[in-house]
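>>> predicted coordinates and the sequence they were generated for:
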Amino acid sequence: MSSVIDGKAVAASVLEECRAEVQELKSKGITPGLAVVLVGDDPASHVYVGSKVRTCGDLGLYSRKIELPATTTQEELLAVVRELNADPAIHGILVQSPPPKHIDEEAVVRALDPRKDVDGFHPENVAKLALEDPTGFVPCTPAGCMRLLAASGVKTAGAEAVVIGRSMIVGKPMALLLMAKGSDATVTIAHSRSKDLPAICRRADIIVAAVGRPEMVKADWVKDGAVVIDVGINRIDDPSTKKGYRLVGDVAYDEVAPKCSAITPVPGGVGPMTIALLMKNTLQAARQLG
Ligand code: NDP
């Protein structure tokens, strides 16, 4: 019998922790502030930015939404980043991904003050994660996955964990978190060149799928009693729905769930955790910057 890991409920409890922390910071004269920069008019990015700003408002954080036209040059965007770096009302800065193609995203990330890089993508924060330095910012999605494991009482120490995907946003930081002292999992990272992925996954006590391929992980890839964290968010056509599509993860949920001891659904699993951990990171930045 599998238990479904309720990401909405765990995210709600993280947000409640944040609400209390905001009050504590405010009592010390600090109003945590998050700036979200959006370049261009990608509709999904508008939705994400909207919910980040709404969550800030709900918790009592100051937020600033900076919308720039798709024609914004690299230099203009860097000038905005530099201004925010210098602004004492802003503790966290997030440049919504993906920017238009002419923007060098890596250069923008490097221009951020690492002390305000609440996405945790700046090289200094990547290094701090590898060094297990708690003053760094951990990328929100893998940090959210770790909270889900903890909230579900999953024992990571000594567990065989397989992370499918090696992106800087999810796969790599996830692997570092699982192997860090205190988590103590034995970690395998798989990717598109891995041989016999089903056999690699069958060894796993914990599988984290962060691939971007709809329902790739099948029931015969998963050993009985494994814990499965599905990071994937994929749109597949579904004419029976109003929108004409529905969201599925990287795991074939219906066939995999009965074999697991615990599994995250899509939607309602990892997704809600990402914003919650962004709020956590912004509060950490406000505390550290003072
Ligand atoms: P990327 O495209 O950056 O990385 C995908 C990874 O999957 C790569 O390392 C790639 O390998 C690997 N991969 C691709 N195909 C295969 C395959 N057939 N077998 C094994 N590995 C494969 O994606 P992200 O890490 O940014 O995102 C992954 C998924 O998570 C997406 O669906 C995304 O939408 C979702 N996501 C969800 C978030 C949330 O809040 N829930 C937040 C961020 C992402 P290689 O390196 O060899 O190319």
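Sure, I can see it.
>>> show me which residues of the stretch 1-150 of the chain sit near the ligand.
Thr141 (CB under 6 Å from any ligand atom). All C-beta atoms are positioned from the backbone trio N, CA, C, and that covers glycine.
>>> contact partners for the residue of the stretch 1-150 of the chain at minimum distance from the ligand?
Taking CB to the nearest ligand atom as the measure, the stretch 1-150 of the chain has Thr141 as its residue closest to the ligand, at 4.1 Å. If a contact means CB atoms under 8 Å, 6 or more residues apart in numbering, then Thr141 has 169-170, 174, 210, 231, 270, 273-274, 277 as its contacts.
>>> what of Ala285?
Counted by CB under 8 Å, 6+ apart, Ala285 has contacts 32, 91-92, 115-116, 118, 137.
>>> switch the cut-off to 10 Å
Ala285 makes contact with 32-34, 90-93, 113, 115-118, 137, according to CB atoms under 10 Å, 6 or more residues apart in numbering.
>>> now do Ile90
Residues near Ile90 by CB under 10 Å, 6+ apart: 32-35, 62-64, 83-84, 113, 116, 282, 285-286, 289.
>>> for PyMOL, write a command that selects the buried ones of those.
Applying 16 or more other CB atoms under 10 Å to these leaves a buried subset, and the PyMOL line that selects it is:
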select buried, resi 32+33+34+35+62+63+64+84+113+116+282+285+286+289
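>>> just how off-centre is stretch 229-247 within its chain?
20 Å (CA atoms, centre = their mean, to the nearest Å).
>>> check whether that stretch contacts the ligand.
Yes - Stretch 229-247 reaches the ligand (CB under 6 Å from any ligand atom) through 231-234.
>>> point out where the stretch 101-250 of the chain drops to low pLDDT.
The model of the stretch 101-250 of the chain has no residue with pLDDT under 70.
>>> Asp237 touches Leu247, doesn't it?
No - between Asp237 and Leu247 there is no contact under CB atoms under 10 Å: 11.8 Å.
>>> looking at those two, which has the bigger crowd around it?
Neighbour tally, Asp237 and Leu247, criterion other CB atoms under 10 Å: the higher count belongs to Leu247, 16 against 8.
>>> pull up the pairing partners for the helix or strand where that one lies, direction included.
Using DSSP states H and E, Leu247 maps to strand 245-248. Sheet pairing for strand 245-248, assigned by DSSP bridges, gives strand 234-237 (antiparallel).
>>> so what touches the partner strand?
If you take CB under 10 Å, 6+ apart as the criterion, strand 234-237 is touched by 44, 211-216, 243-250, 266.
>>> domain parsing for the protein?
What automatic domain parsing lists as the domains of the chain is 28-118, 140-271.
>>> show me what counts as buried in stretch 265-283.
Within stretch 265-283, the residues that count as buried by 16+ other CB under 10 Å are 265-266, 268-283.
>>> and the strands in the stretch 51-200 of the chain?
Along the stretch 51-200 of the chain, counting by DSSP state E, counting those that start in this stretch, strands occupy 62-68, 92-95, 160-164, 186-190.
>>> model confidence over the second one, on average?
What that stands for is strand 92-95. The pLDDT scores in strand 92-95 average 98.
>>> could you number the chain from 55 rather than 1 from now on?
Right, with 55 as the first residue, what we last looked at is strand 146-149.
>>> which residue is nearest the middle of this structure?
Thr195 (1.5 Å; CA atoms, centre = their mean).
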